[in-house]
Structures are given as C-alpha cells and as structure tokens.
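Chemist: generate coordinates for the sequence data below:
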Amino acid sequence: MTAIPRGAPTAASQPIGAIDTQSATANQAFHTPVELTSSSAYREVLEIRPIQAVPDSHEVSVRSQLDTARDPEAWHLRYRVTLDTVGLQRLHQALGDYLQAIGAGRTTGGRS
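Modeler: A predicted model of the protein is given here:
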C-alpha cells in the first residue's frame with residue numbers, strides 16, 4: 001500500500017458528529033484514510049468512521065485532491081453515506097463477491 005498523500009483528510013479535519021474515541025481499534029482503523037487511487041496530480045481516499053452520536057452508524061466517505069485545482073491542498077468530498085453495521089456488511093459482501101468474480105474471470109469490466 002502506498003503512503004497517504006500530504007494533507008490527507010483526518011477525522012478531525014471534517015467532523016460528521018461525535019467520533020468514537022473510546023475504541024483504539026476504531027481510532028487506528030477508521031481514522032486513517034485508505035488511498036484508493038493516486039497519480040502524479042490526483043488522489044482519492046476512503047475513510048470509514050463510527051458516529052458516536054448515532055449508535056450503530058458509520059460514515060463512509062471518499063475525498064479527492066487535485067494538484068492543479070485553485071486550492072491544491074483542499075480535499076473535496078466526492079461521496080458520503082451513513083450506514084449501519086448491516087449496511088457495512090452488505091458493502092463488504094458486495095466488494096468480496098465482485099473481487100471473487102473478477103478473479104474467476106466472470107466480469108469484463110463493463111456494464112451489463
């Protein structure tokens with residue numbers, strides 16, 4: 001995995017309610033953005049974090065940064081959704097199913 005780009009968003013940079021600060025696992029795993037894609041000028045990161053104010057709710061967000069933008073240090077929210085644990089499990093299952101399918105050569109990468 002490559003290093004997270006400079007100025008990567010953190011839980012403190014764009015809050016969405018109270019963050020669960022009680023769980024060391026949550027702090028390490030969810031407050032560290034995961035780089036999805038990176039080129040010389042463009043980066044996208046995924047972040048998943050619990051929302052303490054709403055039990056069993058998790059913010060899933062994708063943010064991007066473009067070096068040639070008017071403010072190249074700014075992160076832009078591309079997608080955000082709040083999911084409960086069941087929704088996270090469905091997302092996990094869908095990604096797993098897709099990865100299994102492409103590993104078995106059952107997808108072509110296009111839309112059906």
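Chemist: could you pull up the residues touching residue 91?
Modeler: With contact taken as Cβ atoms under 8 Å, 6 or more residues apart in numbering, residue 91 is in contact with 60, 83. Using the backbone N, CA and C atoms, a C-beta is placed for each residue, glycine as well.
Chemist: pLDDT value on it, please?
Modeler: The predicted structure scores residue 91 at 96 on the pLDDT scale.
Chemist: assign it to helix, strand or coil.
Modeler: Assigned state for residue 91: helix (three-state reduction, DSSP: H, G, I helix; E, B strand; the rest coil).
Chemist: how about residue 95?
Modeler: Reducing the assignment at residue 95 to three states with three-state DSSP gives helix.
Chemist: what is the neighbour count of it?
Modeler: Taking other Cβ atoms under 10 Å as the neighbour definition, residue 95 ends up with a count of 10.
Chemist: ok, residue 61 next?
Modeler: Residues near residue 61, counting by other Cβ under 10 Å: 20.
Chemist: name the nearest residue to it, ignoring sequence neighbours.
Modeler: For residue 61, ignoring the flanking residues on the chain, the nearest one in space by Cβ to Cβ, 6 or more residues apart in numbering is residue 80 at 4.3 Å.
Chemist: can you pull the buried residues of stretch 85-94?
Modeler: Neighbour-count burial for stretch 85-94, counted by 16 or more other Cβ atoms under 10 Å, picks out no residue.
Chemist: could you tell me the end-to-end distance of stretch 67-77?
Modeler: Taking Cα to Cα, to the nearest Å, the span from the opening residue of stretch 67-77 to its closing residue is 15 Å.
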